[in-house]
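A.B. asks: After the sequence you'll find the predicted model.
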There are 2 protein chains.
Amino acid sequence: MNSDDKILGRPRSFDEADALEKVTQVFWSHGYAGTSYPALETATGLHRQSLRYAFGDKAALFERVIGHYANRKVGGVAAILNGPGFALGNVKAVFALWGRDANHPSRHGCLMVNAMAELGSGGVVAEKAVDRANQTLVEAFVRAFTTAQEEGAVRADFNPQVLARQAVALGDGFMVHGRSGSIAKFADDAFSAFLSQIATPP
Amino acid sequence: MNSDDKILGRPRSFDEADALEKVTQVFWSHGYAGTSYPALETATGLHRQSLRYAFGDKAALFERVIGHYANRKVGGVAAILNGPGFALGNVKAVFALWGRDANHPSRHGCLMVNAMAELGSGGVVAEKAVDRANQTLVEAFVRAFTTAQEEGAVRADFNPQVLARQAVALGDGFMVHGRSGSIAKFADDAFSAFLSQIATPP
DNA sequence: CTATTTTATGACTGATCGTCCATAAATACC
DNA sequence: GGTATTTATGGACGATCAGTCATAAAATAG
């Protein structure tokens, strides 16, 4: 495939990734049902027809947004978890990241978590993309906790699969609270307590 | 205040609590933004004006729903946590309840969690009621974990406040996944693992 | 050049939204 | 009886929704 291939028709005058990023912000803060085309138009500066040409209708656009966000966020977290250094330290780094996200001044929480809470409300068909991202996230945690056990940092009598789902659920729980904010500020305490609960006793 | 007091005007022909219960179901499954008056009318069999007379506009109605749900659910959980028997057993009972809720075939998750994920999206003003319910829930868990420590069932070096927020966040996390369903079925495993992580070593 | 294909943009569609008006009905007070 | 007050209900309100049409513009192909 040659990227210099001539393409028929008038070329697109906007950057697709830029537009998707701006669209993501709108869905993130207003949810799927709460997002309107006028809002998307003012956020992107584009005509709704341009968005439809590029991404399809509202539901398809939302699926693209979920996929885009999941690749970025889950991919980033998985990279940290599977990165160099001790596995438990990588988990700690992810928790630190999540603690900041849950307390971000924008108070938008996590787009994936918000989307999950809206799933099944009719029209939202991003269930597959959300589920795939969650599976990827859990698997990355399973690898990290398994390695952490091999490194002797995590108690060997705990199941890495269970630990992984605990970590994800704990994070998602605080992400939900990140929208209203009175509980979210204790996320760091809860994360570090979890780490000390699963650590090998001295 | 005498409940036999004669009230001026035409008496209400429907049961307020019944209507609120049916309205709750609609908001629960479709969210705030996804709920329309036609949907509320068919669910209750009432004219929208009757709902407005009784509860106010859509936002006020949603606040009533949140308050109603929070009183029932959080009140029930607090009653279990502060009930007779060992405190840790009561916590276990609540976790069992939550495990069933997260895996309920209706796949609606928790109304409070869904509402939190939608908070700040404009128009939703139930933030105070949600926050109050969360505080009540956390306080009930704090009392339970404190008692459990006094009963020698929970490691004394863990902070009950932190444990309470961990329990709530863990529950909320699985409630979110209760909408899509691929993670929620492991809620029981995660809850019982949490209990074994915080239990006093033999 | 013309023909074809794709994008850009303004205007419009029917449907649906939350809210409100107007009238009838049902009760209490006089 | 009549008056006042509240609820019940059909209908209409302007606004907004997601989606579509129609025309212009910008590119390639021949």
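C.D. replies: It's in. Not measured: the values here are computed from a predicted model.

A.B. asks: residue in chain A nearest to DNA strand C?
C.D. replies: Among all residues of chain A, residue A:9 sits closest to DNA strand C, at 1.8 Å; criterion: C-beta to the nearest atom of the strand. Yep, even glycine has a C-beta here, placed from its N, CA and C like the rest.

A.B. asks: Any chance of the backbone angles for that residue?
C.D. replies: When read as degrees, to the nearest 10, the backbone of residue A:9 gives phi 80, psi 170.

A.B. asks: count of neighbours near residue A:52?
C.D. replies: Counted with other C-beta atoms under 10 Å in any protein chain shown, residues neighbouring residue A:52 total 14.

A.B. asks: related to what we said a few turns ago, gap between the residue of chain A closest to DNA strand C and chain B?
C.D. replies: The span separating residue A:9 from chain B equals 37 Å under the rule C-beta to the nearest C-beta, to the nearest Å.

A.B. asks: ditto for residue A:179
C.D. replies: As defined by C-beta to the nearest C-beta, residue A:179 lies at a distance of 5 Å from chain B.

A.B. asks: Three-state assignment for that residue, please.
C.D. replies: Going by DSSP: H, G, I helix; E, B strand; the rest coil, the secondary structure assigned to residue A:179 is coil.

A.B. asks: can you tell me which residues contact it?
C.D. replies: The contact partners of residue A:179, taken as C-beta atoms under 8 Å, 6 or more residues apart in numbering or on different chains, are A:107-109, A:114, B:116-120.

A.B. asks: try residue A:191
C.D. replies: Contact partners of residue A:191, counting by C-beta under 8 Å, 6+ apart, are A:92, A:95-96, A:98-99, A:170-171.

A.B. asks: now with 6 Å?
C.D. replies: For residue A:191, the residues meeting the contact criterion (C-beta atoms under 6 Å, 6 or more residues apart in numbering or on different chains) are residue A:95.

A.B. asks: Mind listing what's buried along the host helix or strand of it?
C.D. replies: Residue A:191 is part of helix A:187-198 when elements are defined by DSSP states H and E. Burial within helix A:187-198, assessed by neighbour count using 16 or more other C-beta atoms under 10 Å in any protein chain shown, is assigned to A:187-188, A:190-191, A:193-195, A:197-198.

A.B. asks: Adding distance to residue B:47, write the residues you listed out as TSV.
C.D. replies: Supplementary listing: the buried residues of helix A:187-198 in TSV, determined by distance: C-beta to C-beta, whole Å:
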residue	distance to residue B:47
A:187	45
A:188	50
A:190	47
A:191	50
A:193	52
A:194	51
A:195	56
A:197	54
A:198	56
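
A.B. asks: Serialize those residues to JSON lines and add fields for pLDDT.
C.D. replies: JSON lines is the format used below for the buried residues of helix A:187-198 (pLDDT from 0 to 100):
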{"residue": "A:187", "pLDDT": "98"}
{"residue": "A:188", "pLDDT": "98"}
{"residue": "A:190", "pLDDT": "98"}
{"residue": "A:191", "pLDDT": "98"}
{"residue": "A:193", "pLDDT": "98"}
{"residue": "A:194", "pLDDT": "98"}
{"residue": "A:195", "pLDDT": "98"}
{"residue": "A:197", "pLDDT": "98"}
{"residue": "A:198", "pLDDT": "98"}
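
A.B. asks: right, and out of the residues you listed, which lies closest to residue B:128?
C.D. replies: Using C-beta to C-beta, residue A:187 comes nearest to residue B:128 of the buried residues of helix A:187-198, at 21.2 Å.

A.B. asks: Pretty sure that closest one sits against residue A:174.
C.D. replies: Yes - counting by C-beta atoms under 6 Å, residue A:174 is a contact partner of residue A:187 at 4.0 Å.

A.B. asks: Give the residues shared as contacts by these two.
C.D. replies: Common neighbours of residue A:187 and residue A:174, counting by C-beta under 6 Å, 6+ apart, are residue A:102.

A.B. asks: check contacts around residue A:178.
C.D. replies: With contacts taken as C-beta under 6 Å, 6+ apart, residue A:178 has the following neighbours: A:102, A:109, A:184.

A.B. asks: try it again with 7 Å
C.D. replies: For residue A:178, the contact set (C-beta atoms under 7 Å, 6 or more residues apart in numbering or on different chains) comprises A:101-104, A:107, A:109, A:184.

A.B. asks: List buried members of these by neighbour count.
C.D. replies: A residue is treated as buried here by neighbour count (16+ other C-beta under 10 Å); on that basis the buried members of these are A:101-103, A:109, A:184.

A.B. asks: now those residues in JSON lines, with distance to DNA strand D, pLDDT and secondary structure?
C.D. replies: As requested, those are exported to JSON lines (distance: C-beta to the nearest atom of the strand, whole Å; pLDDT from 0 to 100; DSSP: H, G, I helix; E, B strand; the rest coil):
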{"residue": "A:101", "distance to DNA strand D": "26", "pLDDT": "97", "secondary structure": "helix"}
{"residue": "A:102", "distance to DNA strand D": "28", "pLDDT": "97", "secondary structure": "helix"}
{"residue": "A:103", "distance to DNA strand D": "30", "pLDDT": "97", "secondary structure": "coil"}
{"residue": "A:109", "distance to DNA strand D": "21", "pLDDT": "96", "secondary structure": "coil"}
{"residue": "A:184", "distance to DNA strand D": "29", "pLDDT": "96", "secondary structure": "helix"}
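
A.B. asks: Of all pairs in those residues, which one is the farthest apart?
C.D. replies: Within the buried ones among the contacts of residue A:178, two members stand farthest from each other by C-beta to C-beta: A:103 and A:109, at 10.3 Å.

A.B. asks: ok, and for stretch A:140-158, which residues are buried?
C.D. replies: Buried positions in stretch A:140-158, judged by neighbour count with 16+ other C-beta under 10 Å: A:140-149, A:153-154, A:158.

A.B. asks: Let me know whether residue A:130 touches residue A:115 as I believe.
C.D. replies: Yes - at 5.9 Å, residue A:130 counts as touching residue A:115 under the criterion of C-beta atoms under 7 Å.

A.B. asks: Quickly list what's touching both of the two.
C.D. replies: In the contact map built from C-beta under 7 Å, 6+ apart, the residues linked to both residue A:130 and residue A:115 are residue A:66.
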